[in-house]
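Enquirer: Kindly return the folded structure for what I paste below:
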Amino acid sequence: YLQYIFFSSSPLDGFEDYGPDCDNMRVTAFLDIPGQDNLPPLTRLEKYAFSENIFNRQIIARGLLDIFRDFGNNEEDFLTVMEIVVRLSEDAEPTVRTELMEQIPAIAVFLQENRSDFPAVFSEYLIPIVVRYLTDPNNQVRKSSQEVLLILLEQDLIFQHDIESKVCPILLELSATDSDDEYKVEAVSIICKMASMLSKSTVERLLLPRFCELCGDGKPFQVRKVCATNFGDICHAVGQEATEKFLIPKFFELCSDNVWGMRKACAECFMAVSHSTSPAVRRATLSPLFIRLVSDPCRWVRQAAFQSLGPFISTFANPSRAGLYIREDGTLSIRPPARDPDSELASGSPTPGSGGDTSLASSTKPLQMEPDLPTEGTSTETSGFLHITSSSKGLMENPVEGSALVGAELARPSSEAGAFSELPDVNALPISRHPGPDSWAFPGSSEDVFSNFLYWRTPLPDISTDLELLLSEAGPQEEHCSRPETVHNSCVARSEIQKVLDSLQEHMMNDPDVQAQVQVLSAALRAAQLDSVNEPESKPTEGLNAVSISEPSSASDNQMALSASSSQNELSVARILQSTDPGEPPDGTSDHLETGQRHDPILLEENKSKLQDIIPQPLLDQYVSMTDPARAQTVDTDIAKHCAYSLPGVALTLGRQNWHCLKDTYETLASDVQWTVRRTLAFSIHELAAILGDQLTAADLVPIFNGFLKDLDEVRIGILKHLYDFLKLLHEDKRREYLYQLQEFVVTGNSRNWRFRYELAEQLILILELYNPNDVYDYLMHIALKLCADKVSEVRWISFKLVVAILQKFYSNSESALGLNFINELIIRFRHCSKWVGRQAFAFICQAVVSEECVPVDQFVEHLLPSLLSLASDPVPNVRVLLAKALRQTLLQKAYFRNAGNPHLEVVEETILTLQSDRDQDVSFFATLEPKRRNITDTTVLEKQK
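Expert: As a prediction, the model looks like this:
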């Protein structure tokens, strides 16, 4: 077709054999063939390069690489070709310019390899073409030049001087305020993509100011959308310092954009931005911003935010605290967390759930502790002591540390405050932190620890055996409290609640989340107004609510339930205030308790045990709420799947000591009605087991693992694919419990699902090393024999390898009796099988046994060889073909059978002669075919085992 269009008048122009399949044909071969014009090749090139025929110019542009190869040796010809390229780049036809641009990367590589002056030539001739095409009026030409520019930068073919003097100026010009919006969008897209390929100083000096300018509110939506989408790449390119100084303020603006698509793009790149910030900025600045996105009025923004929640939490990972490291090969490394020898507890016992680690974190880190519950006969001062949580022996008492903490942090405006005035400063004491499942968490900064509920409540009264006496003593204690201070706090709380309530009114039309927040705030506002009217009557009740009783009774239960209810109402309001106004300092306590459990003190204590200081508590609260069925209705139907997908990363971030924070969430996900959620967990349960360690795995993951074993095949395949990885993490006694359950994998819901059985055979080959030979013989051997008789050939072939591995397991552990029994079972089941497929399987098994040398040679020639040679008289040619292959290509290649004095060699050779004269051509062919010679050493394993 091309020949007819271009040069139909000349049959000698070289296009007779040219076509799309002629990869070796040079596109410009016609330049070498003398035509009717009698012009030299270079002149003919120039003639066709500027021909009036568009297709001629296209062919020249497409074949520029071949032209450079032909004329590159002569300097004068090379410069002539370069001039032609420059003139051709100014062609009026867009298709010609596009063809030319697509050849530039290949030409650049050729020039780099063949010319010493490549930098000067490339900078003088080709770079200007690429840069000029970025402003080409044709869209296809511009797209082609953008792709070529990125390719050249990726291959490091453009030098720094050209980048700063030619490439960056044109991009800044295209992204200027007065530039066309279409060019501006393309320019900012190139800037974002090339930022990772340039040096940090170049991006920060030349491109960062313009990028920050383009993120402004006055720019077109399309431009800001590109900036928001690629924000993480720019942060990574400029580094932490520039990110926090210049980009984080712009990121805040984009996250507050009026267009929901902008906020959604910010939510999607949140993790990438977080990676480029310091832990302090990540915790204090980005976390409240993310909480605002999670509570966004737009459903699509919330959906993107919840999908990014798990990855964002993973950026808080601190291996030195969690004790979990990721090696370069991607495997998990367990190391003890950093410990402070001066702050270790005397017991040194490991925390439940730490997988045996006994290390403690430094005393400079935030504390996790709980107040000691006062017992019968104790005084107020005694009950004020705080006890550090010990892992396995309950509470370790430390009066000095406890009283210091009470005096320094739990100061109260009461007459009893003076009891702690003489205690030493808390900063001067070596306070250790040892997180436990029942520990309180107090963040270290003053902004995080303040809470009306915890620090301005009335002091604990004396506790006696008589509850009536306790009630009578509660009133006088309250007389010493500072009432004006409490009234002032109540007024401030009402004003704050009213302010947030007004801001939420405009967003509550169709958003159930916002409506729920408005209802809670309204109830809290009414309660605050009632408290301001009945302040004297509420004070004694408030004092009673703070009492903890060690011996519960009917009256004390009612008081504790009332305390839990009132405190939870206050905590709900505080959490909403923080989520709607991230600029305010977070309330430490309100972030630590969930709002749904208001009347049960037992559930309240369970919530206290879910405190941690690795990540901001509101993030964890939002993450665990992803399992709430209401989220599926208001956010995303697949939100539980996203939660399950990121759970191993969140668990790795929190560490083993904080697994109690995720345990209930994991159990909820494991029982989700959507099989896709359970399937996601099944595929990652082995990774989670490696993170948690054997103790927590046995306690919390094994029951879920057992449930997955009985689930749908779509879920069971996730368990099956990593069965070996999970079982090897269990203790030997726990591992043996699964021997019998392994047989359940053979049965599938759909018999056509042969890949399930194929995966089982592959896993069993790995699992053999986890069990002793007797267990393998009693349980796994029968599974292997059943798989060897499968209807699908692929399953049978992999099962034959499993049989060989079992035999190797027996004989490598000196269990010859078990090996002999297995061999006899193979002979009975397959050699004497009534179906030819079984007899063919026996031939293949024998070939594999010889090839892998898993059986001693004397055992093989005595028990397997006679049965194998007897297949020469099998009536089915397919069986005899495989026998011929086994004898000719495998058996006779072993040194033992190549020994002329071998008594078994004669029998084998006679069988081969019989097969060579077989009436079936395939049998005789493979019996005669000489195998490929390989380097074979005489000292083989077979001879050693003999």
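Enquirer: in a strand, that's where Y325 is, yeah?
Expert: Yes. According to DSSP: H, G, I helix; E, B strand; the rest coil, Y325 belongs to a strand.
Enquirer: Show the pLDDT at it.
Expert: Looking at Y325, its pLDDT is 70.
Enquirer: before we move on, what about T358?
Expert: In this model, T358 carries a pLDDT of 32.
Enquirer: ditto for A428
Expert: The predicted local confidence for A428 is 37.
Enquirer: One more: D233?
Expert: 94.
Enquirer: Count the neighbours of it for me.
Expert: 19 (other Cβ atoms under 10 Å). The way it works is simple: take the backbone N, C-alpha and C, and place the C-beta from them, glycine included.
Enquirer: residue boundaries of the strands in the protein?
Expert: Remark: strands assigned in the chain by DSSP state E are 324-326, 332-334, 367-371, 386-389, 395-397, 440-442.
Enquirer: Sketch out the low-pLDDT regions of this structure for me.
Expert: In the predicted model, the chain carries pLDDT under 70 at residues 1-38, 322-324, 328-497, 499-521, 523-610, 900-901, 931-946.
Enquirer: hang on, A305 packs against C269?
Expert: No. Using Cβ atoms under 8 Å, A305 makes no contact with C269, being 11.4 Å away.
Enquirer: And these two? Which one has more around it.
Expert: A305 (26 against 21).
Enquirer: Tell me who's in contact with the more buried one.
Expert: By Cβ atoms under 8 Å, 6 or more residues apart in numbering, the residues touching A305 are 267, 270, 290, 293-294, 296.
Enquirer: Looking at those residues, which are in helices?
Expert: 267, 270, 290, 293-294 (DSSP state H).
Enquirer: Top of the residues you listed by number of neighbours, please.
Expert: F290 (28 neighbours).
Enquirer: Can you tell me how far it is from V907?
Expert: 77 Å (Cβ to Cβ, to the nearest Å).
Enquirer: mind putting the ones in helices among the contacts of A305 in CSV, distance to Y779 included?
Expert: Shown next, in CSV, are these (distance: Cβ to Cβ, whole Å):
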residue, distance to Y779
A267, 50
F270, 49
F290, 50
L293, 52
V294, 49
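Enquirer: What distance do you get for the closest residue to L152 other than its chain neighbours to R132?
Expert: Excluding its sequence neighbours, the residue lying closest to L152 (Cβ to Cβ, 6 or more residues apart in numbering) is I158, at 5.0 Å. Distance, I158 to R132, using Cβ to Cβ: 15 Å.
Enquirer: now do H275
Expert: Counting by Cβ to Cβ - H275 and R132 are separated by 37 Å.
Enquirer: Check S751 too.
Expert: Counting by Cβ to Cβ - S751 and R132 are separated by 65 Å.
Enquirer: ok, those two, which is more surrounded?
Expert: R132 (16 against 11).
Enquirer: got the contact list for the more buried one?
Expert: So R132 contacts S89 (Cβ under 8 Å, 6+ apart).
Enquirer: how close does V673 get to P648?
Expert: 22 Å.
Enquirer: burial measure for the residue lying closest to N56 once chain neighbours are set aside, as a count.
Expert: Closest residue in space to N56, ignoring its immediate chain neighbours: Y48 at 4.7 Å, by Cβ to Cβ, 6+ apart. Y48 has 21 neighbouring residues, counting by other Cβ under 10 Å.
Enquirer: what about Y48, distance to A61?
Expert: Counting by Cβ to Cβ - Y48 and A61 are separated by 11 Å.
Enquirer: same check, this time on V792
Expert: 54 Å.
Enquirer: Same question for L647.
Expert: 54 Å.
Enquirer: Between V673 and P648, which is the more surrounded one?
Expert: P648 (22 against 8).
Enquirer: number of nearby residues for the spatially closest residue to L172 that is not a sequence neighbour?
Expert: Excluding the flanking residues, the one nearest L172 by Cβ to Cβ, 6+ apart is R210, at 5.6 Å. Per other Cβ under 10 Å, the neighbour tally for R210 reads 17.
Enquirer: swap in L153?
Expert: 18.
Enquirer: now the closest residue in space to it that isn't next to it in sequence: how far from P903?
Expert: Spatial nearest neighbour of L153, excluding adjacent residues (Cβ to Cβ, 6+ apart): M197 at 4.4 Å. Applying Cβ to Cβ, the value for M197 to P903 is 71 Å.
Enquirer: For the two, indicate the residue with more neighbours.
Expert: Between M197 and P903, counting by other Cβ under 10 Å, M197 is the more crowded of the two (17 against 8).
Enquirer: Tell me which residues touch the nearest residue to G261 once chain neighbours are set aside, please.
Expert: Leaving aside its chain neighbours, G261 sits nearest to K225 (6.2 Å; criterion: Cβ to Cβ, 6+ apart). Listed by Cβ under 8 Å, 6+ apart, the contact set of K225 reads 261-262, 265.
Enquirer: In helices, which of the residues you listed fall?
Expert: Among the contacts of K225, the members falling in helices (DSSP H) are 261-262, 265.
Enquirer: Neighbour count and distance to Y811 added to these, as TSV?
Expert: Formatted as TSV, those follow (neighbours: other Cβ atoms under 10 Å; distance: Cβ to Cβ, whole Å):
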residue	neighbour count	distance to Y811
G261	17	66
M262	22	68
A265	24	62
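Enquirer: and of these, the nearest to E124?
Expert: When the ones in helices among the contacts of K225 are compared for distance to E124 (Cβ to Cβ), A265 wins out at 40.5 Å.
Enquirer: So the closest residue to that closest one other than its chain neighbours versus K250, what's the distance?
Expert: Excluding the flanking residues, the one nearest A265 by Cβ to Cβ, 6+ apart is A228, at 3.8 Å. Using Cβ to Cβ, A228 is found at 10 Å from K250.
Enquirer: One more: R263?
Expert: 14 Å.
Enquirer: quick one, which of those two is more surrounded?
Expert: Set side by side, R263 and K250 show more neighbours around R263, with 25 against 20, by other Cβ under 10 Å.
Enquirer: mind listing what the more buried one touches?
Expert: 254-257, 293, 296, 298, 301.
Enquirer: Export those as TSV, with columns for distance to F926.
Expert: Shown next, in TSV, are the contacts of R263 (distance: Cβ to Cβ, whole Å):
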residue	distance to F926
L254	70
C255	71
S256	76
D257	73
L293	68
D296	70
C298	70
V301	67
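Enquirer: which among those residues end up buried?
Expert: Buried members of the contacts of R263, scored by 16 or more other Cβ atoms under 10 Å, are 254-255, 257, 293, 296, 298, 301.
Enquirer: For V803, see how far away the closest residue in space to F842 that isn't next to it in sequence is.
Expert: Distance criterion Cβ to Cβ, 6+ apart; nearest residue to F842, sequence neighbours excluded, is F830 at 3.8 Å. Distance from F830 to V803, counting by Cβ to Cβ: 10 Å.
Enquirer: if I look at the two, which residues touch both of them?
Expert: In contact with both F830 and V803: 788, 845, using Cβ under 8 Å, 6+ apart.
Enquirer: okay but I54 is in contact with E93, surely?
Expert: Yes. Applying Cβ under 8 Å, one finds I54 in contact with E93, separated by 5.3 Å.
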